[in-house]
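test case, fold it:
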Amino acid sequence: MAPKLVDARRELSLANRIVANEGVIDAFGHVSMRHPDNPNRYLLSRSRAPELVTPDDFIEYDLDSNPVREPSVSQYSERVIHGEIYKARPEVNSVCHHHCPAFMPLLATGTDYVPIFHLGAVGGIKPPYWDQHDEFGDTNMLVCKPEEGASLARALGAHWMVLMNRHGVTVAGTSVKDCVFRCVYSARNAEYQVRALTIGDRIASLSPGETEKAGQIVVQTTGLTRSWEYWSMRVAKSGGAVAAETKPVKTKKKPVVKLKKKTVARRK
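Purely as a prediction, here's the structure:
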């Protein structure tokens, strides 16, 4: 396996564990990435809880969400979410689908997401809603058919997040780290927004100009790197992974020289 692909699998494994450790995802949900060497393919774990995903769990798919090699393990049924977004948005290199509890009050009431602090700008102002029932009638709410995934991708449009009525949220990013950053901080913002709504129905949100400028923090400062290091350390402390990729430098031990004891004649 090429070194670039090995590193990509390791990063994607850590991304799954981070969003789980930060409370964005539980047993359900998934994070994927576009293949680092082939833009017409993507990597997604076999069907398992994200907190348990390892670099060896990833399956390679084409953009129609068919496995390149038939796996001997079970697959996520909603993988078309990822494939159809990659197909529609060439600049997207990572996708996360989740059901974060912080968003559920907004989804249940059809309340628009609005950024109420600077880091919440990564979710945008009033990202679009998608209702599966509008096109497909009564379903089990899972997005399993290609036409359902394509419909969701159209609703996402040029945005970075789409809210799914009575279901969850799908987030896109220019990289795995960017996608994780958007997931974590949009979830934080949703939590704060819902809390604020318990105090009153008027919320002071960011202006469009503030949202645009604050949304660039992730690329114009060290914020992304700092956040990734912090989340990685939290995963490590939880026993989920090693925080640092670098191995400690081994130093050679100097040989111990034993000195012979001198005998001193005692005076009588």
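
find the residue closest to residue 44 in space, skipping its chain neighbours.
residue 32 (4.2 Å; Cβ to Cβ, 6 or more residues apart in numbering). No exception for glycine: its C-beta is placed from N, CA and C like everyone else's.

next, that neighbour: phi, psi?
phi -130, psi 170 (degrees, to the nearest 10).

please begin residue numbering at 285 from this point
Sure, I'll start counting at 285 from here, so that last one is residue 316.

which ones are touching it?
296, 326-328, 363, 366, 378-380 (Cβ atoms under 8 Å, 6 or more residues apart in numbering).

what about residue 520, how many residues nearby?
Neighbour count of residue 520, defined by other Cβ atoms under 10 Å: 16.

so which helix or strand takes in it?
For residue 520, the element it lies in under DSSP states H and E is helix 507-521.

distance of the residue positioned nearest the centre of the chain relative to residue 326?
By Cα atoms, centre = their mean, the chain has its centre lying nearest to residue 464, at 3.3 Å. Residue 464 sits 16 Å away from residue 326, going by Cβ to Cβ, to the nearest Å.

now do residue 512
Applying Cβ to Cβ, the value for residue 512 to residue 326 is 21 Å.

between these two, who's got more neighbours?
residue 326 (27 against 18).

helix or strand right after the helix or strand where the more buried one lies?
Residue 326 belongs to strand 325-329 when assigned by DSSP H and E. Next helix or strand after strand 325-329 toward the C-terminus (DSSP H and E): strand 342-346.

and the angle from the following helix or strand past that next one to strand 325-329?
Downstream of strand 342-346, the first helix or strand assigned by DSSP H and E is helix 364-372. With axes from the mean of the first three to the mean of the last three Cα atoms, to 10 degrees defining the directions, helix 364-372 sits at 160 degrees from strand 325-329.

and the contacts of helix 364-372?
With contact meaning Cβ under 8 Å, 6+ apart, helix 364-372 is reached by 314, 316, 318, 326, 328, 345-349, 376, 379, 381, 427-430, 432-434, 436-438, 440, 454, 456.

do stretch 438-456 as well
The contact list for stretch 438-456 (Cβ under 8 Å, 6+ apart) reads 313, 365, 369, 372-373, 376, 378-384, 387, 390-392, 394, 397, 406-408, 411-417, 425, 427, 436, 457, 463, 466-467, 470.
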